[in-house]
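Peer 1: sequence plus the predicted model coming up.
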Amino acid sequence: MFVSIVLSALIAQPVFAQEADKVKNQEAYIDGLIERMTLEEKAGQLTTYGDEIRLLNPDINPDVNRRKGEDLIKEVRAGRVGSLFNGRGVKGGRLAQSAALQSRLKIPLLFGADVIHGYRTVFPVPLAEAASFEPQLAERTARVTAIEATAAGLHWNFAPMVDIARDQRWGRVVEGSGEDVYLGKLFAAARVRGYQGENLANEDSMLATPKHFAAYGAVSGGMDYNTVDISPQTLREVHLPPFKAAFDAGALSTMSSFNEINGVPASANRELLTDILRGEWGFKGFVVSDYTADMELIAHGYAANEREATKLAFLAGVDMSMQSGFYIKHLPALVKAGEVPMAALDDSVRRVLRLKAALGLFDNPYRSLDSEREAADIGKPEHRALARDAARRSIVLLRNVNDVLPLNKTSKIALIGPFAEDRHHLHGPWTLFADAKEAITVAAGIRAALADASQLEIVQGSNVEKPIKGGIDAAVEAANRADVVVLAIGEIHEMSGEAQSRTDIVVPAAQQVLAEAIAATGKPMIVLLRNGRALALQGAVRDADAILVTWFLGSEMGNGIADVLFGDYNPSGHLPVSFPLESGQQPYYYNHKSTGRPFIRGEAPEFKARYREAPNEALYSFGHGLSYSKFKYDPVKLSSKRMAWDGSITVSTRITNTSSRAGEEVAQLYVRDRVASSTRPVRELKGFKKIRLDPGQSEQVSFTLTRADLQFVGADLQWIAEPGAFDVWIAPSSVQGTRESFELERAK
Ligand code: GLC
């Protein structure tokens, strides 16, 4: 099937006839390999381990590591391993690949890794980059990531992470694109294009792996690895679309997730991994399990033992087993016993071999293992320049009372807080290959921007979670000597990422105390938040004169912040996640349902959907982001108040920059289906445009809506639209904007 599609497409183009021959020959080659492979060699191609041949930290336990590496090389030579992951460097990669080429059938290894937001040049964490509302920026940083990672001997990226995350307690919010499906789809596709480039066979292209399939972001209570219990509609309407967008963009592998979905673990979920992924979507790539996710079927209470876990995972649709070793250990016996069909085993092996062929590994097993490229392509100045641009574009200005920002470069600044000079928590989680020494700290960025470095005084004031003896007094004294305080506070990167869920998404108490003391001095206080999720801001932090969300911005964090702080770049980021009033509201997201008793400001609050302590609103909602410019939105205009069933309407407004500073604005298109056979969110993002306006300049922003934009997953799990009334906004955030409405007519 796969071959016939590819062949028919190629043969149709005369110029590619020779390409068709190559595919035909490639298929014949793969079929020939499969015919010659033993059961064990087949199971070996479906087995991947952490790369202990080229360890990240070889000098830790050198004797143990050397022995582990030697043992693994033996396994590779024996054809019992098809892929290694998270190794570093060309030298070790060539050693491992040469071992594979000594195996009986000389099938090259596939080298994978988690290069989630940059290899050596680290870009903003994906959640931060989503705040740019610039998918094209994400495509560019993904492209550079692929250039550096392939220069370092990698072929396969365990990215993009495309999980929709509506509960900010979950540590892995940081790895994705936030709470909105539309934004998530665009960033998923952009990153896949960036990683895979024009052709997977190109030396600087790497195979993308949208993960974690699926609904991992819906873990109960925001606790990592926890149960996922959601309706089939929510699965299909919220959690699957970013994966479909990634596959439509060409991704040819995916990773099955740790979590169960409604009682069936995703890594043994045939409906998900076969019926939907291959049956409905026609996915032709391969599925790799997450790390020991097949082994974990036992802990889930879904498999009684290793053998059963292997059978359940494989027959559900997991082609390759990560780290457990279960497939090489149990698949041959399961096939011999007739419990796993040989044809199914061959199909999985074929999928993996096709991707190795598509990456050019049979033509050149040492592809991406070139020490000259490794020296030339990693950490280039233009990569750092892109990292700086991505950093400043990812910053969100939440609050700017009396336009206290931008600061003057002649100001006397007290830079206070545990993240003032920190360099270990600016890359963010999942930066296995970065060098903290090469990162630009907040202090370095500000110092470089100031007219005279002596204008800057730095006081740590407190640790991340513990006070420093005398720290607050020293900080207050420095504040009193300064014109303005820049307070660098927030989360360490270990508070984000895998297995780092938090019960209370607040700035740690010791830093809150520091903020209160600084605020009490009455000096203007600018908060630089370091965060991997939305936070529930409180007290002096919430009430600061200005708040910049600076996430984990990567190698150029300090320069990106300085560019915004002093106005060399006018902030243009908008929130991809809602900042709640309180942690207790989680999961909170803007596109929530109305309920039968919506709390509406100005109306009696009794017996309405709210908490005793707070209305169920955001402090800063999805899509919010200020600029140093001011933008005026004219009322929304519609090309018609009625949309024909097969027709469209154009929604437009004029936006004017009423300030004296050029700036960028993200105009967002929201829709609400007022009445439907399944209750609908109070707003849903259906489009956005980031525009740049000079002082006084106006621009007409228009969007075309069709019935396809109004669809939802109905009771029969099909995407449907229903005639009726719809509200529409073009707005600077998900809680602002003038509303218009239109009617979708019935089919004629
Ligand atoms: C981890 C993560 C996954 C990662 C894999 C390999 O547990 O869940 O995102 O790609 O293991 O490191």
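Peer 2: Perfect, thanks for sending it.

Peer 1: list the residues that contact residue 139.
Peer 2: By Cβ atoms under 8 Å, 6 or more residues apart in numbering, the residues touching residue 139 are 190, 191, 193, 194. Any C-beta I mention is one placed from the backbone N, CA and C, and that applies to glycine too.

Peer 1: out of these, who's the most crowded?
Peer 2: Counting neighbours by other Cβ atoms under 10 Å, the top entry in the contacts of residue 139 is residue 191, with 33 neighbours.

Peer 1: break this structure into its domains for me.
Peer 2: If you go by automatic domain parsing, the domain ranges for the chain are 402-585, 629-744.

Peer 1: could you check how far the first one is from the centre of its chain?
Peer 2: Taking Cα atoms, centre = their mean, to the nearest Å, the mean C-alpha location of domain 402-585 is offset from the chain mean by 23 Å.

Peer 1: what residues does the stretch 251-400 of the chain put near the ligand?
Peer 2: The stretch 251-400 of the chain comes close to the ligand at residues 290, 291, as judged by Cβ under 6 Å from any ligand atom.

Peer 1: my error: substitute the stretch 1-150 of the chain in the last question.
Peer 2: 86, 114.

Peer 1: farthest-apart pair in the contacts of residue 139, please.
Peer 2: Between any two of the contacts of residue 139, the greatest separation by Cβ to Cβ is 7.3 Å, found for 191 and 193.

Peer 1: shared neighbours, these two?
Peer 2: Common neighbours of residue 191 and residue 193 (Cβ under 8 Å, 6+ apart) are 139, 142.

Peer 1: neighbours around the residue of the stretch 401-550 of the chain found nearest the ligand, how many?
Peer 2: Residue of the stretch 401-550 of the chain nearest the ligand, by Cβ to the nearest ligand atom: residue 498 (5.5 Å). When neighbours are defined as other Cβ under 10 Å, residue 498 has 17 of them.

Peer 1: doesn't residue 291 make contact with it?
Peer 2: No. Look at residue 498 against residue 291 with Cβ atoms under 8 Å: they stay out of range, at 9.4 Å.

Peer 1: how about low-confidence regions in the stretch 1-150 of the chain?
Peer 2: Within the stretch 1-150 of the chain, the segments meeting pLDDT under 70 span 1-17, 19, 55-60.

Peer 1: count the neighbours of the residue in the stretch 201-350 of the chain positioned nearest to the ligand for me.
Peer 2: Distances between the stretch 201-350 of the chain and the ligand by Cβ to the nearest ligand atom are smallest at residue 291, namely 3.6 Å. Using other Cβ under 10 Å, residue 291 has 18 other residues around it.

Peer 1: quick one: contacts for it?
Peer 2: By Cβ under 8 Å, 6+ apart, the contact set of residue 291 is 322, 323.

Peer 1: if you set the cut-off to 10 Å instead, what comes out?
Peer 2: By Cβ atoms under 10 Å, 6 or more residues apart in numbering, the contact set of residue 291 is 48, 50, 85, 158, 255, 258, 322, 323, 324, 498.
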